[in-house]
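**Student:** just need the structure, nothing else, for what follows:
(one chain, ligands or ions: 2)
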Amino acid sequence: MNWGREMQGKQLDFMPCSQWQRELSNSATDIEPQVRELLDKVVEQGDPAIEELSQRFDGFSPRFIELKPYDQYGLETGLLNAIVAAGKRIEAFAEFQRKQLRDSTYLDECGEFGFRYQPIERIGAYIPGGRFPLISTALMTLIPAKLAGCRERIACSPSDHPAVLAAASFAGATQFIQIGGAQAIAALAFGYQQINPVQMIVGPGNQYVNIAKQLLSNRVQIDVAAGPSELLILADEEVNQEWLIADMAAQAEHDPQAQSILVSDSQSLLNQVREQLETDEALTELLQQNQIVLLLAQSIEEMVNFSNQYAAEHLLLADTRIDQGRLINFGSLFVGENSAVAYGDYCSGPNHTLPTMGTANRSSGLSVQSFMKLQSVQSIHDQGRKELSSIGEKIAEAEQLVWHKRSMQVRS
Ligand SMILES: NC(=O)c1ccc[n+]([C@@H]2O[C@H](COP(=O)([O-])OP(=O)(O)OC[C@H]3O[C@@H](n4cnc5c(N)ncnc54)[C@H](O)[C@@H]3O)[C@@H](O)[C@H]2O)c1
Ligand SMILES: [Zn+2]
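**Tutor:** Ligands and ions are numbered 1, 2, ... in the order given. Down below sits the predicted model:
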């Protein structure tokens, strides 16, 4: 059924949100063998393979670029100030997060037990640069890593755009390598020249980058599955339609597969939005390509349920009837129509690297915590030895692990 089209002069209903299914892209699997081959080549040949791939796909050899202070790249003042202002806000949020991550212990009759946060020592941040130099990605990946306390923070990008270098410098990259694609991910994971293999790789990228990260995820920690951008808006009749239309078009412009969905229980709102979209050729096209989707809910309840089941990367709550506490699955929640997702993309503070494709129902976006390990620490005191032996020995006996039993027995 062709929802949203006119038939014999009569508007059909909008597609009910209960019938909407997210389309899962399988295009990534097509190039997987190709990326696997590139990585195998690096495993076999090492640095020369990385150089050859960089020449083949980008026409240059990887280059270590020494970063200057961020204000020495000759950037136009307005842009430089904006990078600094955005960077400071992202840093303030990361610092706030860092402060919440407190090491902690408790004492009981057996000893002292606790946990501590430990930064991952060496991380790599991929900053895409094929199509656009992504200034904000440099800030969003490197700043939390710095605040977490990661000792080495290696930025890789095929771009040597001065704004990317300035942002990487402001964000505290300890090294910068101009290298792109799967070969950049390989260089980070296996090491390259003076670079030792990193323990974690973050940052978005095209399919070559993402598949390389996934294929190497048994060697290195990787960040969220950041697929095409998604926006879900829950709206009531009072919303500013012009603002929401701009928000939907904004997330759709990230990528031809990016998608913005508006869900409302008001058919009249959806009708008005559709009418406005259809006054513009480009916006009509987004509607026809399903990059903007308008869905009708039967009730507020259904809007909440849809949102929780869809688990959007970005969720904009533009409906004063819905309590934000009822929304449980999203990458980042934007409350109220003032809160444009574009602010979050660039400069409000919280991270823009977020889970997509429904993975927000089980995973989180990038944060200071992503760059840290949670370690447990225990210290048993004299009285505790006896107490714990009396418990553990019995279990070891049942498991027939004699030396386990013995190691407790000798202490009891
Ligand atoms: N989800 C997010 O948060 C987020 C944010 C920003 C960007 N992105 C995504 O990042 C991507 C950026 O892509 P991009 O291409 O502009 O830059 P990129 O830096 O990710 O990729 C460019 C590199 O790809 C490699 N490459 C290109 N063609 C190749 C081929 N045929 N075989 C092997 N390697 C090849 C080259 O080495 C090149 O340097 C976009 O898809 C964008 O949507 C996502
Ligand atoms: Zn965006």
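**Student:** who's in contact with Ala182?
**Tutor:** For Ala182, the contacting residues are 35, 38-39, 53, 208-209, 211-212, by C-beta atoms under 8 Å, 6 or more residues apart in numbering. For the C-beta atoms, the positions are set from N, CA and C on the backbone; glycine is no exception.
**Student:** pull the most distant pair out of those.
**Tutor:** Using C-beta to C-beta, these span at most 14.2 Å, a distance reached by Leu53 and Ile211.
**Student:** returning to what we had before: Leu75: which of the contacts of Ala182 is nearest?
**Tutor:** Using C-beta to C-beta, those come closest to Leu75 at Val209, 25.9 Å.
**Student:** now that closest one, what's its secondary structure?
**Tutor:** helix (DSSP: H, G, I helix; E, B strand; the rest coil).
**Student:** go ahead and confirm it touches Ala184.
**Tutor:** Yes - counting by C-beta atoms under 8 Å, Val209 touches Ala184, with 7.2 Å between them.
**Student:** the more surrounded of these two?
**Tutor:** Neighbours were counted for Val209 and for Ala184 using other C-beta atoms under 10 Å; Ala184 has more, 34 against 24.
**Student:** residue contacts, that one?
**Tutor:** 62, 126, 156-158, 177, 209.
**Student:** can you tell me which of those is nearest ligand 1?
**Tutor:** Pro158 (3.4 Å; C-beta to the nearest ligand atom).
**Student:** how about the contacts made by that closest one?
**Tutor:** Taking C-beta under 8 Å, 6+ apart as the criterion, Pro158 is in contact with 58, 128-130, 178-181, 184.
**Student:** can you check Phe115 too?
**Tutor:** So, once contact is read as C-beta under 8 Å, 6+ apart, Phe115 ends up touching 103-105, 374-377.
**Student:** how about those, which pair is most distant?
**Tutor:** Farthest-apart pair in these is Thr105 and Leu374; separation 13.5 Å (C-beta to C-beta).
**Student:** near ligand 1, which residues of the protein are found?
**Tutor:** Residues of the chain lying close to ligand 1 (C-beta under 6 Å from any ligand atom) are 57-58, 128-131, 134, 137, 158, 180-182, 204-206, 208-209, 226, 229, 254-255, 352-353.
**Student:** can I get the contacts of Ala182 in a markdown table with pLDDT?
**Tutor:** Output for the contacts of Ala182, formatted as a markdown table (pLDDT from 0 to 100):
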| residue | pLDDT |
| --- | --- |
| Val35 | 97 |
| Leu38 | 97 |
| Leu39 | 97 |
| Leu53 | 98 |
| Tyr208 | 95 |
| Val209 | 94 |
| Ile211 | 94 |
| Ala212 | 97 |
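**Student:** I'd like these written out as TSV, with distance to Ser348 added.
**Tutor:** Below are the contacts of Ala182 laid out as TSV (distance: C-beta to C-beta, whole Å):
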residue	distance to Ser348
Val35	34
Leu38	37
Leu39	37
Leu53	37
Tyr208	30
Val209	26
Ile211	31
Ala212	30
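**Student:** counting neighbours, which of the residues you listed comes out on top?
**Tutor:** Of all the contacts of Ala182, Ala212 has the most neighbours under the rule other C-beta under 10 Å, reaching 28 neighbours.
**Student:** close enough to count as contact, it and Arg36?
**Tutor:** No - if you go by C-beta under 8 Å, Ala212 and Arg36 don't touch, sitting 9.1 Å apart.
**Student:** ok, and what's touching the longest helix anywhere in the chain?
**Tutor:** Longest helix in the chain by number of residues (criterion: DSSP state H): helix 77-100. For helix 77-100, the external contacting residues (C-beta under 8 Å, 6+ apart) are 70-71, 73, 75, 135-136, 139-140, 143-144, 146-148, 163, 166-167, 170-171, 346-351, 367-369.
**Student:** buried set for it?
**Tutor:** When burial is assessed from 16 or more other C-beta atoms under 10 Å, helix 77-100 yields the following buried residues: 80, 82-84, 86-87, 89-91, 93-94, 97-98.
**Student:** then that helix to CSV, C-alphas only?
**Tutor:** What follows is helix 77-100, C-alpha atoms only, in CSV (Å, rounded to 0.1, in the frame of the first residue of the first chain):
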residue,chain,number,x,y,z
THR,A,77,39.0,34.0,13.1
GLY,A,78,35.3,33.1,13.2
LEU,A,79,36.0,29.5,12.5
LEU,A,80,38.9,29.3,14.9
ASN,A,81,36.8,30.8,17.7
ALA,A,82,34.0,28.4,16.9
ILE,A,83,36.3,25.4,17.1
VAL,A,84,37.6,26.6,20.4
ALA,A,85,34.1,27.3,21.8
ALA,A,86,32.8,23.9,20.7
GLY,A,87,36.0,22.2,22.0
LYS,A,88,35.6,23.8,25.4
ARG,A,89,31.9,22.7,25.7
ILE,A,90,32.8,19.2,24.7
GLU,A,91,35.6,19.2,27.2
ALA,A,92,33.4,20.6,29.9
PHE,A,93,30.9,17.7,29.4
ALA,A,94,33.7,15.1,29.3
GLU,A,95,35.2,16.6,32.5
PHE,A,96,31.8,16.4,34.1
GLN,A,97,31.5,12.7,33.1
ARG,A,98,35.1,12.0,34.3
LYS,A,99,34.2,13.4,37.7
GLN,A,100,31.3,11.0,38.1
